[in-house]
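[1] Sequence first, predicted model second:
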Amino acid sequence: MHASARAALAHLGPLIDEASHAGGYWREAFPAGRVRGVAAALSAMLDDLDLLHETLAALQPGGVGLVAPLLKPINRVEAEVVHALRALLQKLQAGVSADGARFSASSPAVKLFDECYAECLHAVVTLNRRRDAGLDAVPSLSNDEALTFNALVYSLKSLIGNIERASERLDELLSMNTPVDLGTVAFV
């Protein structure tokens, strides 16, 4: 799936170049920069999904235990991400920018995820301090597990940011096709 999406985005570059050079005085210039902005955001989303998939596959048993409290918040964020991706697809298919709620990094699901992430980090630090003080013999996370855990969080946060950027770029592109209602323009 990722390979076909990447191939489609790679094929888009030459098409954008061709469309931007095929112009005339009788019609608007092709918005190549805006189309490239949408394509770049979609490509970045694919990179984030690849990293997310790789980090989930690389989690060791200790890392899985660390992620366990985050599973419900991750599932909520995942549901919002799927909804946001469907909204992007509908915008692309309809060719118009739809009004309504936009996916945001400040959504309740993302805030809940951030809170749980902070609690997980606090638990790891507390556990390490107790172990270092000789109070517990509980093994700590290895460096690889800690890095994998943080890569998971980074990839999820990056995906959220790139979904927001893709939606903004798409709205900018689609607004070019929306005629201006002169009745709403305030003339000076």
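    Sure, I can see it.
[2] This protein: helices as residue ranges?
    2-21, 32-58, 61-67, 71-94, 108-132, 143-175 (DSSP state H).
[3] As CSV, the ones you listed with mean neighbour count and distance to Ala186 would be great.
    For glycine as for every other residue, the C-beta is placed from the backbone atoms N, C-alpha and C. Shown next, in CSV, are these (neighbours: other Cβ atoms under 10 Å; distance: least, Cβ to Cβ, whole Å):
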stretch, mean neighbour count, distance to Ala186
helix 2-21, 12, 33
helix 32-58, 17, 26
helix 61-67, 16, 53
helix 71-94, 15, 28
helix 108-132, 14, 36
helix 143-175, 18, 18
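[4] Lowest mean pLDDT across those, which one is that?
    Note on those: lowest mean pLDDT is at helix 61-67, with a mean of 66.
[5] Nearest to the middle of the chain, which residue? Look it up for me.
    Leu159 (2.0 Å; Cα atoms, centre = their mean).
[6] Please name the residues that touch the residue nearest to that one when sequence neighbours are not counted.
    Spatial nearest neighbour of Leu159, excluding adjacent residues (Cβ to Cβ, 6 or more residues apart in numbering): Asp48 at 3.8 Å. For Asp48, the contact set (Cβ atoms under 8 Å, 6 or more residues apart in numbering) comprises Ser155, Leu156, Ser158, Leu159, Asn162.
[7] which one of these is nearest Glu18?
    Proximity of those to Glu18 (Cβ to Cβ) peaks at Asn162, which lies at 26.3 Å.
[8] In contact with that closest one, which residues?
    Ala41, Ala44, Met45, Asp48.
[9] can I get the residues you listed in JSON lines with distance to Val110?
    Converted to JSON lines, those look like this (distance: Cβ to Cβ, whole Å):
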{"residue": "Ala41", "distance to Val110": "18"}
{"residue": "Ala44", "distance to Val110": "18"}
{"residue": "Met45", "distance to Val110": "16"}
{"residue": "Asp48", "distance to Val110": "14"}
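[10] And the helices of the chain: which comes nearest Thr184?
    With Cβ to Cβ as the yardstick, what comes closest out of the helices of the chain is helix 143-175 (13.8 Å).
[11] Between helix 71-94 and the closest one, find me the angle.
    30 degrees (axes from the mean of the first three to the mean of the last three Cα atoms, to 10 degrees).
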